[in-house]
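In: Curious how this folds, go ahead:
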Amino acid sequence: MPPTREPFRPQRLRLTELPNGAAGRVCELVGQVEVCQRLREMGVGESIIIERISGQGTLLCQVSNTRLALSEGAAQHIVVELIRSARP
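Out: Got it, this is the predicted structure:
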């Protein structure tokens, strides 16, 4: 019997772990309800594409045509699937 293959599962990571220049699709917002609600109000919700532009501590990100500065604490609530690695 041939070996079974595991289905492809995109790599999931916190926005704080996403390298500068990489992009991900938001899978879920986790943690404090108030912070997750505020992120949704800012346009960062499930299925949105977010690109991490730069930063350590405070992250500069692009969502649609808008740049957002997110604290590391807020970015910890965002779980993304990697869709594009960092550009060289």
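In: Make sure residue 68 is indeed in a helix.
Out: No. Counting by DSSP: H, G, I helix; E, B strand; the rest coil, residue 68 is not found in a helix; it is strand.
In: Start the count at 48 instead of 1 going forward.
Out: Fine by me, first position is 48 from now on; the one you just mentioned is residue 115.
In: For the chain, just list every one of the helices.
Out: Assigned by DSSP state H, the chain shows helices spanning 80-88, 119-122.
In: So which other helices or strands are in contact with the first one?
Out: Using 3 or more CB pairs under 8 Å, 6 or more residues apart in numbering; DSSP states H and E as the contact test, the elements touching helix 80-88 are strand 70-76, helix 119-122. Just so you know, the C-beta spots here come from the backbone N, C-alpha and C atoms, and that holds for glycine as well.
In: Tell me which of those lies nearest to residue 87.
Out: Closest of those to residue 87 is strand 70-76, at 7.0 Å (criterion: CB to CB).
In: so which of the helices of the chain is the most packed in?
Out: helix 119-122 (a mean of 18; mean count of other CB atoms under 10 Å).
In: What is that helix packed up against?
Out: helix 80-88, strand 105-110.
In: Based on its surroundings, how many neighbours for the residue nearest to residue 111 when sequence neighbours are not counted?
Out: Once flanking residues are discounted, residue 111 sits nearest to residue 90: 6.9 Å by CB to CB, 6 or more residues apart in numbering. Residue 90: 12 surrounding residues under other CB atoms under 10 Å.
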